[in-house]
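>>> Below is the sequence, then the predicted model.
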Amino acid sequence: MKMLPLILSSEALLSFPCPGCGEQEVDAVPNKLCASCRERLKLIQPPICAGCGGVIDGVLELCVKCMKEEVRPWGKALSLFDLSGYGQELVQGFKYNNRPELARALGGMVSEVFKQELDGAGWLVPVPLHWSRYCSRGYNQSRLVCRIIAEQTGISVKNLLVRRRRTRQQAKLSREQRKLNLTNAFSMKRGVNCKNRTILLFDDVITTGATLTAAANVLLDAGASNVYIITLGRR
Ligand SMILES: [Zn+2]
Ligand SMILES: [Zn+2]
């Protein structure tokens, strides 16, 4: 009788494909980006801008882009990577090409990189999608990532906000149009309360910050003591 090679089978069990490049990785954790994908992502290194979580280009507290925007309602911003090159590709795939499995890889990275900041930080609140967008995509990408972060850090996820209006894509609008586009876009969900709570508001990306500003102001108006923002990609 022939014996089966035990070593080979245990190695096969520990091998998962990287969700970024699809290459086989020998790792005990499924849905984790491989070392070369992580390298391509260009994670943001401190010192960081309090307005967007990006790299500070000078000696000031804000980056050049944020200095052109209105004063942010949040105290601090955290972003994982620059929304260029591979980061852009991953976020696009996650949002528009029906790849919800990337939530685990991306959420896992948020938990790992911002471990200290997430420790006892308050409530994690995802920016909601309008129901019509939710129906066409089938999932809210921000809510999926928040669920993974909660699983790994113990932080509570609270769906406090509702999106009342479907808004146009912010990137193509002027500053004034952007503001108008987001007027009354968000409101508090009926029956919820965030008085004196610290909120970590999560969105997949920050571009001008107008969407996050509208959502943060609703939470602050409802009595939240502090709002911080956290995003995957910063443009
Ligand atoms: Zn990879
Ligand atoms: Zn900035």
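It's in. Since this is a predicted model, take the numbers as computed values, not measurements. Ligands and ions are numbered 1, 2, ... in the order given.
>>> Doesn't residue 193 belong to a helix?
No - assessed with DSSP: H, G, I helix; E, B strand; the rest coil, residue 193 is coil; it does not lie in a helix.
>>> State the distance from residue 106 to ligand 1.
13 Å (C-beta to the ion, to the nearest Å). Just so you know, the C-beta spots here come from the backbone N, C-alpha and C atoms, and that holds for glycine as well.
>>> For residue 19, see how far away that residue is.
9 Å (C-beta to C-beta, to the nearest Å).
>>> Of the two, which one has the most company?
residue 106 (27 against 23; other C-beta atoms under 10 Å).
>>> which bits of this structure sit near ligand 2?
Selection of the chain residues close to ligand 2 by C-beta under 5 Å from the ion yields 49, 51-52, 54, 63, 66.
>>> between these, which has the most around it?
The most crowded member of the residues of the chain next to ligand 2, judged by other C-beta under 10 Å, is residue 52 (26 neighbours).
>>> I'd say that one and residue 205 touch.
No - using C-beta atoms under 8 Å, residue 52 is not in contact with residue 205; the gap is 10.3 Å.
>>> Please enumerate the shared neighbours of the two.
Overlap of the contact sets of residue 52 and residue 205 (by C-beta atoms under 8 Å, 6 or more residues apart in numbering) consists of residue 234.
>>> in stretch 149-156, what's buried?
Within stretch 149-156, the residues scored as buried using 16 or more other C-beta atoms under 10 Å are 149-150, 152-153, 155.
>>> what's the neighbour count on residue 202?
Using other C-beta under 10 Å: residue 202 sits among 25 other residues.
>>> Mind giving me the packing neighbours of the helix or strand hosting it?
Assigned by DSSP states H and E, residue 202 belongs to strand 198-206. In this structure, strand 198-206 packs against helix 85-96, strand 123-126, helix 141-153, helix 210-221, strand 226-234, with contacts taken as 3 or more C-beta pairs under 8 Å, 6 or more residues apart in numbering; DSSP states H and E.
>>> Stretch 41-53 vs ligand 1: in contact?
No - applying C-beta under 5 Å from the ion, one finds stretch 41-53 out of contact with ligand 1, separated by at least 10.0 Å.
>>> Format the CA atom coordinates belonging to that stretch as CSV.
Provided in CSV are the C-alpha atoms of stretch 41-53 (Å, rounded to 0.1, in the frame of the first residue of the first chain):
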residue,chain,number,x,y,z
LEU,A,41,-0.4,50.1,-3.0
LYS,A,42,1.8,52.9,-1.6
LEU,A,43,0.4,53.1,1.9
ILE,A,44,0.4,56.7,3.3
GLN,A,45,3.2,57.3,5.7
PRO,A,46,3.1,60.0,8.4
PRO,A,47,3.2,63.0,8.9
ILE,A,48,-0.4,63.1,7.6
CYS,A,49,-2.9,65.9,6.8
ALA,A,50,-5.7,66.3,9.3
GLY,A,51,-8.0,67.3,6.5
CYS,A,52,-7.8,64.2,4.3
GLY,A,53,-5.3,61.7,5.8
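>>> buried ones in that stretch?
Those would be 41-42, 44, 48-53, for stretch 41-53 by 16+ other C-beta under 10 Å.
>>> next one: stretch 57-74
Of all the residues in stretch 57-74, those buried under the rule 16+ other C-beta under 10 Å are 62-63, 65-66, 69, 72-74.
>>> can you tell me which of those residues are in helices?
Under the assignment DSSP state H, these contribute 65-66 to helices.
>>> Narrow the buried residues of stretch 57-74 to those in strands?
If you go by DSSP state E, the buried residues of stretch 57-74 have nothing in strands.
>>> Which residues of the protein lie near ligand 1?
So far as C-beta under 5 Å from the ion goes, the chain lies against ligand 1 at 18, 20-21, 34, 37.
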